[in-house]
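Asks: Model the following, please.
(one chain, ligands or ions: 2)
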Amino acid sequence: MSKINENNPVIGYWMSERKRQKLNWSEFGKVCRYSGFELVKIDLERPLEGQGPFSVILHKLTEFIARNDQQAISLIKSVENYINSHPEIVVIDPIESVKILLDRYRSYGIIARSRLNDIDVFTPIYVELTSNNIAENIKKLQTYGVSFPFICKPYVAQGTNDCHKMALIFNEKSIVDCKPPCVAQSFVNHNALLFKVFVVGDEYQVVERPSLKNFYPSDRSTIFFDSHNVSKSDSSSQLSILDPEDQAYVPRIDDKKLKTIVSVLREELNLTLFGIDIVVENETGRHAIIDINVYPGYDGFPNFFNSLMNCIKKKLMEKHKNLTAENRINKTFLNCSVKVETKLEQDDSGFDTCDSSDERKHRQLISSTSINSKMNTVSKKIVNRT
Ligand SMILES: O=P(O)(O)O[C@@H]1[C@@H](O)[C@H](OP(=O)(O)O)[C@@H](OP(=O)(O)O)[C@@H](O)[C@H]1OP(=O)(O)O
Ligand SMILES: Nc1ncnc2c1ncn2[C@@H]1O[C@H](COP(=O)(O)OP(=O)(O)O)[C@@H](O)[C@H]1O
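Replies: Ligands and ions are numbered 1, 2, ... in the order given. From the prediction side, this is the model:
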């Protein structure tokens, strides 16, 4: 086992204590040490500048990004500033991409506009409701074609206490149960089976989870539920028990489609760690994406930490390659400029070509590129590749 020394690249991370425990994160510390990395928890209350240098920053800051108070805003701002002034660091994942996914309306828009349409993968019809005016909401639902029953989902997708509190609405008189701002989305019958896809860079794993049973428009009153009581691996909600006539049919996911879904969304979202929730519509077999999550729980993903390590190494290699290329381009550019200046002025141009800031950044990264030689130390297992 390699020993940590000052030259070892550092992975700075931040996630809540709850998530650390859920993931059994100290095991990842061992995987890091084994691969020659040091894993250090970032102290968000201190300036980041003094805590590095980091080769990688891995974070789940959704609870701060989702909050709108001054303290959370300035905390995220300072992390963003630090990241912006250190382009040599691999960031998993870009805060800008995370922000998009925390907004359900925006993430559905990305799916709806993507080329997933071409393979008949869709997001169920949705509309945002921002007002408490019932007549206005009825009109909006009709205009956009949202049908009964539909699910009312809080605007914010992750990171708050209320973001998993949903309402299943069966008729017009219950529209009063919508709590704007929210997204109203047509309910797709899918025989209570949810396919959860966990993505780690170019690897992914699909697990099956319980989901809501089939529902139809009716006079019944609204069903309020917390999604975490329905679709976790150990959930056993009454809402998931199929009616006897539905029990024979078992939805299947199409592996080819799944592969395309993952590769299109990786590209669209610019994320490394995310989860996609898919249901397969009864009768048509069409695949509907109903939710995308930032840095999910990976419950059921075999050897998640090894995959995460492999992914980090690949991303460092890519970053190294890009910075080297950028550096080469800059050098060429500088050389040209120097030549032009020399020609024009027949004089010392004043350019300092030997220690550009890019080169300094490059050196900082490369001090950690003993990484290259460590590329193959982690056993490579798993799964499907995009
Ligand atoms: O693991 P965490 O940080 O508790 O976050 C959960 C988790 O990502 C969970 O995903 P999954 O592992 O069950 O797929 C997400 O659940 P949903 O798919 O039901 O949305 C949650 O959104 C995350 O919760 P949080 O809102 O606390 O970020
Ligand atoms: N459009 C939909 N059609 C059918 N069922 C849905 C739909 N959207 C959500 N669900 C059900 O509600 C649950 C929670 O919805 P989801 O959007 O994934 O919320 P969360 O982000 O809280 O997990 C899903 O696991 C699924 O059972």
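Asks: Residue of the stretch 101-250 of the chain closest to ligand 1, please.
Replies: Closest to ligand 1 within the stretch 101-250 of the chain is residue 158: 3.7 Å, counting by CB to the nearest ligand atom. Quick note: C-beta positions are derived from backbone N, CA and C, even for glycine.
Asks: Name the nearest residue to that residue, ignoring sequence neighbours.
Replies: Distances taken as CB to CB, 6 or more residues apart in numbering place residue 62 nearest to residue 158, at 4.8 Å, with adjacent residues excluded.
Asks: That neighbour: neighbouring residues, count only.
Replies: Neighbours of residue 62 under the rule other CB atoms under 10 Å: 24.
Asks: do the helix or strand harbouring residue 205 and ligand 2 meet?
Replies: Here residue 205, judged by DSSP states H and E, is contained in strand 203-210. No - among the residues of strand 203-210, none lie within reach of ligand 2 under CB under 6 Å from any ligand atom; the closest is 7.1 Å away.
Asks: List the buried residues for that strand?
Replies: Buried residues in strand 203-210, counted by 16 or more other CB atoms under 10 Å: 203, 204, 205, 206, 209, 210.
Asks: closest to residue 323 among the residues you listed?
Replies: Taking CB to CB as the measure, residue 323 sits nearest to residue 203 out of the buried residues of strand 203-210, at 24.6 Å.
Asks: for ligand 1, what are the nearby residues on the protein?
Replies: Contacts of the chain with ligand 1, taken as CB under 6 Å from any ligand atom, map to 19, 22, 60, 62, 158-159, 163, 196, 227-228, 231-232, 275, 277, 291, 293, 296-297, 299.
Asks: wait, doesn't residue 66 sit right on residue 101?
Replies: No - counting by CB atoms under 8 Å, residue 66 does not reach residue 101; the two are 10.7 Å apart.
Asks: Pretty sure residue 224 sits in a strand.
Replies: Yes - assignment of residue 224 by DSSP: H, G, I helix; E, B strand; the rest coil places it within a strand.
Asks: Measure how buried it is and give me the count.
Replies: Using other CB under 10 Å: residue 224 sits among 13 other residues.
Asks: I'd say it and residue 167 touch.
Replies: Yes - contact between residue 224 and residue 167 holds when scored by CB under 8 Å: they sit 5.3 Å apart.
Asks: Name the residues contacting each of those two.
Replies: residue 177 (CB atoms under 8 Å, 6 or more residues apart in numbering).
Asks: quick one on the thing from earlier: more crowded one of residue 66 and residue 101?
Replies: residue 101 (23 against 18).
Asks: Report the closest residue of the stretch 1-150 of the chain relative to ligand 2.
Replies: Of all residues in the stretch 1-150 of the chain, the one sitting closest to ligand 2 is residue 124 (4.1 Å; CB to the nearest ligand atom).
Asks: could you list every residue that touches that residue?
Replies: Taking CB under 8 Å, 6+ apart as the test, what residue 124 contacts is 185, 186, 187, 188, 288, 290.
Asks: Show the pLDDT at it.
Replies: We have a pLDDT of 98 for residue 124.
Asks: I'd like the distance between it and residue 188.
Replies: Applying CB to CB, to the nearest Å, the value for residue 124 to residue 188 is 5 Å.
Asks: between the two, what contacts are shared?
Replies: Common neighbours of residue 124 and residue 188 are listed as 288, 290 (criterion: CB under 8 Å, 6+ apart).
Asks: Spatially nearest residue to whichever residue of the stretch 251-386 of the chain sits closest to ligand 1, not counting backbone neighbours?
Replies: With CB to the nearest ligand atom as the measure, residue 297 is the residue of the stretch 251-386 of the chain nearest to ligand 1, at 2.6 Å. Closest residue in space to residue 297, ignoring its immediate chain neighbours: residue 22 at 6.3 Å, by CB to CB, 6+ apart.
Asks: what helix or strand is the one you found on?
Replies: Short version, using DSSP H and E: residue 22 is in helix 17-23.
Asks: next one: residue 39
Replies: Judged by DSSP H and E, residue 39 forms part of strand 38-41.
Asks: who does that strand pair up with?
Replies: The pairing partners recorded for strand 38-41 under DSSP bridges are strand 10-14 (parallel).
Asks: CA atoms of the strand it pairs with as PDB?
Replies: Taking Å, rounded to 0.1, in the frame of the first residue of the first chain, the C-alpha atoms of strand 10-14 are listed here in PDB:
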ATOM      1  CA  VAL A  10      -5.300  15.900  -2.500                       C
ATOM      2  CA  ILE A  11      -9.000  15.300  -3.000                       C
ATOM      3  CA  GLY A  12     -10.900  17.900  -1.100                       C
ATOM      4  CA  TYR A  13     -14.500  17.000  -0.400                       C
ATOM      5  CA  TRP A  14     -17.500  18.300   1.300                       C
END
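Asks: Tell me which residues are up against it.
Replies: Strand 10-14 is contacted from outside by 32, 37-42, 44, 48, 51-61, 312, 368, using CB under 8 Å, 6+ apart.
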